[in-house]
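Visitor: Sequence and predicted structure below; questions after.
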Amino acid sequence: MHTFEFIRPADQTAAIAAAAQSKTAQQGADVRFLGGGTTLIDLMKLNVETPARVLDINRLPLDKIEAASDGGLKIGAMVRNSDLAYHATVQKDYSVLSQAILQGASAQIRNMATVGGNLLQRTRCVYFRDTAMACNKREPSSGCPAITGHNRTLAILGASEHCIATNPSDMGVALAALEATIHIQGTKGSRAIAFGDFHLLPGNTPHRETVLEPGDLITHVTLPAPIAGSKQIYVKLRDRASYEFALASAAVVLTIASGKVTRARVAMGGVGTKPWRLPEAEAALTGKPANDATFRQAAEAALRNAKPQSENKFKIELAKRCLTYTLRTATAS
Ligand SMILES: Cc1cc2nc3c(=O)[nH]c(=O)nc-3n(C[C@H](O)[C@H](O)[C@H](O)COP(=O)(O)OP(=O)(O)OC[C@H]3O[C@@H](n4cnc5c(N)ncnc54)[C@H](O)[C@@H]3O)c2cc1C
Ligand code: SF4
């Protein structure tokens, strides 16, 4: 591990000013915020991240979950994943979020991990985490050995010829289905970003993963007012039952009336280069009878543009079955 300066900024303004010294907020950043450290410290030990300065933001007052004035929920960026998953309002009105968090990592990691850190966790692509290997995401223009190498767990949606890495977050999939908004404070003031616009597709710049600029601090996430009577389910399929990332997962928020789907929000994990919202599936569901035929049609629409890698063609059918099963389970609940 490289040596680094450890700083505890006195307040938000000092944290942002110190982070703004970094030449980038993306891969290669020389200043990093420290949340729970469960991603950052791992990657520093592997020399994948080598910040010269680490800014501990654990004492900033960003750890509250509060009712928002529009009837929604405001979640501080430093709220621990466990606290969010077990919060009474989240369990009652946004249960898909609670389910998704509790199917990720382990209890110990969830106790440390923060909302901001979870949004910015990095891919588990083995080449990204091994500095002896080339990787366009870690070292721009060095190549992508995953395309011809180990890619069983990697993306079938949103990949480019430069990077096929999956976004590993479970929480992010639920936030996509719940249409969350991410709130950022930076050197030029504050801004709100719709969840779907926060993560970037790899394109030819896979080292740029989000819209964040140097100095940008995620302060909180908001959820819109809950949808009355909605059925919410998160299903995660993986190689072993716990402590494992998704091969395919689905978050659905469905409203059904008189046997028909009146509103559908659908997102998937384990298959895309970012938490993957599926408007095609939502359109295929809305107004249709809530039955298996409709669910399968939605799954076909969802995966229509999927492009498998050499080792993961199985993910296409797996993802379709995952989504069909999730929709069926939501309807039955
Ligand atoms: C063994 C293991 C298994 C795991 N399994 C799963 C799993 O199954 N599913 C899953 O979803 N996740 C899984 N994870 C990932 C885990 O969820 C993340 O490591 C965690 O959510 C990151 O949160 P953190 O607060 O520890 O982030 P940190 O490591 O503190 O930070 C991560 C990044 O976010 C930045 N950051 C943190 N807070 C802010 C902020 N407020 N504003 C701007 N930037 C910020 C940091 O600078 C850093 O770049 C696993 C992790 C491990 C180690
Ligand atoms: S898939 Fe992306 S993260 Fe993995 S080796 Fe290729 S460029 Fe790197």
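Guide: Good, I have the coordinates. Ligands and ions are numbered 1, 2, ... in the order given.

Visitor: So for the residue of the stretch 201-333 of the chain found nearest ligand 1, what pLDDT did the model give?
Guide: Going by CB to the nearest ligand atom, ligand 1 is nearest to residue 218 of the stretch 201-333 of the chain, at 3.6 Å. Using the backbone N, CA and C atoms, a C-beta is placed for each residue, glycine as well. pLDDT for residue 218: 98.

Visitor: Now the residue in the chain that ligand 1 sits nearest to: closest residue in space that isn't a chain neighbour?
Guide: Residue of the chain nearest ligand 1, by CB to the nearest ligand atom: residue 117 (2.0 Å). Excluding the flanking residues, the one nearest residue 117 by CB to CB, 6 or more residues apart in numbering is residue 35, at 3.4 Å.

Visitor: how much space is there between that neighbour and ligand 2?
Guide: Counting by CB to the nearest ligand atom, to the nearest Å, the separation of residue 35 from ligand 2 is 22 Å.

Visitor: so where do the strands sit in the stretch 1-150 of the chain?
Guide: With DSSP state E, counting those that start in this stretch as the criterion, the stretch 1-150 of the chain has strands at 5-7, 31-34, 53-56, 65-67, 73-76.

Visitor: Dump those into a markdown table; add mean pLDDT and mean neighbour count as well.
Guide: Converted to a markdown table, the strands of the stretch 1-150 of the chain look like this (pLDDT from 0 to 100; neighbours: other CB atoms under 10 Å):
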| stretch | mean pLDDT | mean neighbour count |
| --- | --- | --- |
| strand 5-7 | 98 | 12 |
| strand 31-34 | 98 | 23 |
| strand 53-56 | 98 | 18 |
| strand 65-67 | 98 | 13 |
| strand 73-76 | 98 | 23 |
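
Visitor: Those into a markdown table, with extra columns for distance to residue 275?
Guide: Compiled in a markdown table, these are given as follows (distance: least, CB to CB, whole Å):
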| stretch | distance to residue 275 |
| --- | --- |
| strand 5-7 | 31 |
| strand 31-34 | 21 |
| strand 53-56 | 26 |
| strand 65-67 | 21 |
| strand 73-76 | 16 |
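
Visitor: Residue 17 touches residue 187, doesn't it?
Guide: Yes - Residue 17 lies in contact with residue 187 (CB atoms under 8 Å); the separation is 7.4 Å.

Visitor: Give the residue spans of the stretch 51-200 of the chain that score low on pLDDT.
Guide: When residues are selected by pLDDT under 70, none of them lie in the stretch 51-200 of the chain.

Visitor: Contact residues of it facing ligand 1?
Guide: 77, 81, 104-105, 109, 112-114, 116-118, 120-121, 168-171 (CB under 6 Å from any ligand atom).

Visitor: Restricted to buried residues, select these in ChimeraX.
Guide: Selection of the buried residues among these in ChimeraX, burial being defined by 16 or more other CB atoms under 10 Å:
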select :77,81,104,105,112,113,114,116,117,118,120,121,168,169,170,171
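
Visitor: ok, and what's touching stretch 76-88?
Guide: Residues from elsewhere that reach stretch 76-88 (CB atoms under 8 Å, 6 or more residues apart in numbering): 35-36, 57-58, 60-65, 75, 90-91, 97-98, 101-102, 104-105, 107, 109-116, 118, 171, 217-221.

Visitor: Residues of the stretch 201-333 of the chain that sit close to ligand 2?
Guide: residue 206.
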